[in-house]
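*Asks:* could you work out the structure for the sequence below:
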Amino acid sequence: MLDTVGPDVTRSAAGRLASEIIGLTPGGALSPTITWRGIDDHRAVATVAIDGAHHEITIDVSDAGTLRTISLPRWAQPDDGPFQLHTFGVMCDGEFTTDGYTLPRRIRAGWWPDTPRRVDGEFFRATIDHARFF
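*Replies:* Have a look, this model is predicted:
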């Protein structure tokens, strides 16, 4: 197993954390430290500050308010080139409610969403059956 460390990896991890705050911890998305601006009837951008950097997370919801996608420019080197900003996205399918919060049921995450490279960039899939908030 390869362990990678350094400021580039830390910056990439901060982007991942920002997206998880918005998509997987709905209470966190209501923090007064996060600012929101609407784009249209289905999309909004959350600005999340982590370790002095601001991450802009775009969410897309259905007419019913179901979370469909999360995307952001995230610092990384998914194609083994130099570290730079790449579009990272999470596709959500279905939802369930637990402890008063509604979460996506299934998620797929990867690089270059909404492009033909999405298939090669996808690296994570999960089904969430249960969540417990502390």
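*Asks:* next up, the contacts around residue 35.
*Replies:* Contacts for residue 35 (Cβ atoms under 8 Å, 6 or more residues apart in numbering) come out as 46-47. C-beta: built from backbone N, CA, C; applies to glycine.
*Asks:* can you give me the pLDDT of it?
*Replies:* On the pLDDT scale, residue 35 is placed at 96.
*Asks:* okay, and the beta partners of it?
*Replies:* Note on residue 35: beta-bridge partners by DSSP bridges are residue 47.
*Asks:* now do residue 126
*Replies:* residue 107.
*Asks:* pretty sure it contacts residue 103?
*Replies:* No. Using Cβ atoms under 8 Å, residue 126 is not in contact with residue 103; the gap is 11.1 Å.
*Asks:* show me what the strand ranked longest in the chain is packed up against.
*Replies:* Secondary structure of the chain read by DSSP state E shows that its longest strand is strand 84-98. Contact partners of strand 84-98 among helices and strands, from 3 or more Cβ pairs under 8 Å, 6 or more residues apart in numbering; DSSP states H and E: helix 7-24, strand 67-76, strand 101-111.
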